[in-house]
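# fold the following.
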Amino acid sequence: MHQKLPLITLHHQGLTTMRPFGKGIQATKAVLEHLGYIQIDTLSVIERAHHHTLWTRIPDYQPDYLHQLVRERSAFEYWFHAASYLPMSHYRFVLPQMSAIKRGESPYSSNVDAKYLRHVTDRIRIDGPLKTRDFESKKTSNAKWWNWKPTKRALEKLFMEGDLMITGREGMEKVYDLTERVLPGRTNTSEPSLLEFSEYLINVSIRANGFTTLKQLTHLRAGDPLRKALNTILQQKIEQGSLIEYSVEGMPPVYTTQNILDTKITKPATNVRILSPFDNAIIHRDRVQQVFEFDYRLECYTAKEKRKFGYFCLPILYKDRLVGRVDCKAHRKTGDFELINLHLESKKINLDHFIPHFSKLVYRFAKFNGCQTIRVTNVNPKKLTSLFRKALSSIE
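Sure, this is the predicted structure:
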């Protein structure tokens with residue numbers, strides 16, 4: 001079973017074939033529906049994580065595809081386990097968190113003076129969609145909110161409670177509007193019970209990963225009530241025969257379906273990907289260690305002198321294994337895409353096969369990041385530096 005898990009999860013993540021979801025904006029919508037969410041990140045050392053994650057699965061992906069889904073109300077932003085884009089069809093499953101925040105039962109609950117809430121709501125109602133900088137107000141000294149403007153605190157509170165939605169972005173700056181003007185009329189707004197929400201999490205996780213565990217389901221979701229509800233639904237599904245529980249060495253109990261286990265998945269002959277640190281396939285670091293035996297940590301939050309692989313190191317997928325990582329930077333002003341540190345960690349790589357395919361991928365990735373030339377600064381093992389530089393220069 002354990003040997004099957006890498007290929008199973010990569011297949012369900014859409015990372016074993018070139019165009020598993022098709023092309024263009026329809027593929028973008030299909031990926032979002034299939035995975036359940038795409039995590040947002042503001043770091044721009046390379047193209048931002050949400051676009052990177054989609055490009056990895058959609059070779060012709062363009063950043064405006066995601067923005068278009070938001071404009072046409074097929075997708076929306078909210079806090080899932082982190083700031084994320086979600087399919088509009090999943091909207092009702094964020095309602096429990098919105099309600100908990102309104103009741104003050106969530107760590108994201110906050111106190112904001114009612115006058116600012118009224119001011120923000122009235123301004124948007126009268127003037128239409130607005131950004132934070134459209135409000136002029138003095139800063140406060142409330143350290144809990146990092147000295148944000150009172151109106152920004154009000155915007156965030158109203159957004160987290162569901163009274164406002166993000167109708168678009170200008171760069172990374174959010175544009176807010178009243179939920180009643182953004183939410184499509186056909187949207188299901190009935191709040192699910194805890195058991196319904198638990199079943200939703202289980203279904204999404206198994207569809208996106210091919211299997212799940214209780215720890216994966218509760219990732220960044222605290223509370224005994226949810227854990228108990230998840231256990232209840234898991235046991236019900238096992239009794240009904242729709243789920244199977246497996247014991248896998250080094251892992252908590254694994255839940256999957258017989259159909260998934262019976263499906264024959266062909267190991268890709270050629271499959272090289274550079275993954276975002278926030279890619280759905282690797283966001284659960286413990287799971288990455290257990291399934292791929294790959295210890296991955298994003299080091300941009302680590303002191304420079306303690307970094308081992310680099311500021312923004314990205315995992316490298318080769319066939320059905322994670323075989324290394326590369327610290328990249330897009331120098332957009334000069335058009336250079338720099339491989340600051342390329343680390344290959346697997347001794348089982350067929351370099352004659354890997355290097356040319358990896359080089360072609362880097363060239364495509366550089367183009368996606370708005371760069372025309374590629375610079376290789378450091379390779380580990382160092383003896384491979386000339387091979388990579390030669391392969392990359394031949395493509396350019």
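# when you work out contacts or count neighbours from here on, use the C-alpha atoms and nothing else.
Will do.
# residues making contact with stretch 188-203?
Contact with stretch 188-203 is made by 89, 91-93, 95-96, 212, 217, 226, 229-230, 233-234, as judged by Cα atoms under 8 Å, 6 or more residues apart in numbering.
# kindly recompute the last result at 6 Å.
R92, L95, A229, L230 (Cα atoms under 6 Å, 6 or more residues apart in numbering).
# who's in contact with the second one?
With contact taken as Cα under 6 Å, 6+ apart, L95 is in contact with E191.
# which of the helices or strands spans the spatially most distant residue from the centre of the chain?
Distance from the C-alpha centroid of the chain peaks at K115, with 35.6 Å (Cα atoms, centre = their mean). Per DSSP states H and E, K115 falls inside helix 114-127.
# below-threshold pLDDT in the stretch 1-150 of the chain: ranges please.
1, 136-148 (pLDDT under 70).
# same thing but at 80, please
Scanning the stretch 1-150 of the chain for pLDDT under 80 picks out 1-2, 107-109, 136-149.
# quick one, strands of it?
38-39, 75-79, 83-87 (DSSP state E, counting those that start in this stretch).
# which residues touch the lengthiest strand in the chain?
The strand that spans the most residues within the chain, counting by DSSP state E, is strand 321-331. Outside strand 321-331, the residues that touch it by Cα under 6 Å, 6+ apart are 45-46, 310, 312-316, 337-346.
# then that strand to CSV, C-alphas only?
Provided in CSV are the C-alpha atoms of strand 321-331 (Å, rounded to 0.1, in the frame of the first residue of the first chain):
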residue,chain,number,x,y,z
ARG,A,321,9.3,11.0,-6.7
LEU,A,322,10.6,14.3,-5.1
VAL,A,323,14.2,14.3,-6.0
GLY,A,324,15.6,17.7,-5.1
ARG,A,325,14.8,21.4,-4.8
VAL,A,326,15.7,24.6,-6.5
ASP,A,327,16.0,28.1,-5.1
CYS,A,328,14.7,30.4,-7.9
LYS,A,329,14.4,34.1,-8.4
ALA,A,330,12.9,36.0,-11.3
HIS,A,331,14.9,39.2,-12.0
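# for I265, what are phi and psi?
Per-residue torsions, I265: phi -110, psi 120 (degrees, to the nearest 10).
# neighbours around it, how many?
Here the number of neighbours of I265 (other Cα atoms under 10 Å) works out to 13.
# tally of neighbours for G250?
Using other Cα under 10 Å, G250 has 10 other residues around it.
# picking that back up, the longest strand of the chain: what's the following helix or strand?
strand 336-344.
# partners of that next one, with directions?
Sheet pairing for strand 336-344, assigned by DSSP bridges, gives strand 321-331 (antiparallel), strand 373-376 (parallel), strand 379-380 (parallel).
# mind listing what's buried along stretch 44-58?
By 16 or more other Cα atoms under 10 Å, the buried positions in stretch 44-58 come out as 45-58.
# apologies, that question was intended for stretch 211-219.
Neighbour counts over stretch 211-219 (16+ other Cα under 10 Å) mark F211, T212, T213, L214, K215, Q216, L217, T218 as buried.
# quick one: residues contacting the nearest residue to the third one once chain neighbours are set aside.
Going back to what we said before, that points to T213. Among residues not flanking T213 along the chain, V254 sits closest, at 5.1 Å (Cα to Cα, 6 or more residues apart in numbering). Taking Cα under 6 Å, 6+ apart, we find V254 in contact with T212, T213, E245, Y246.
# and the last one, what pLDDT?
So the one you mean is Y246. Y246 is assigned 92 on the pLDDT scale.
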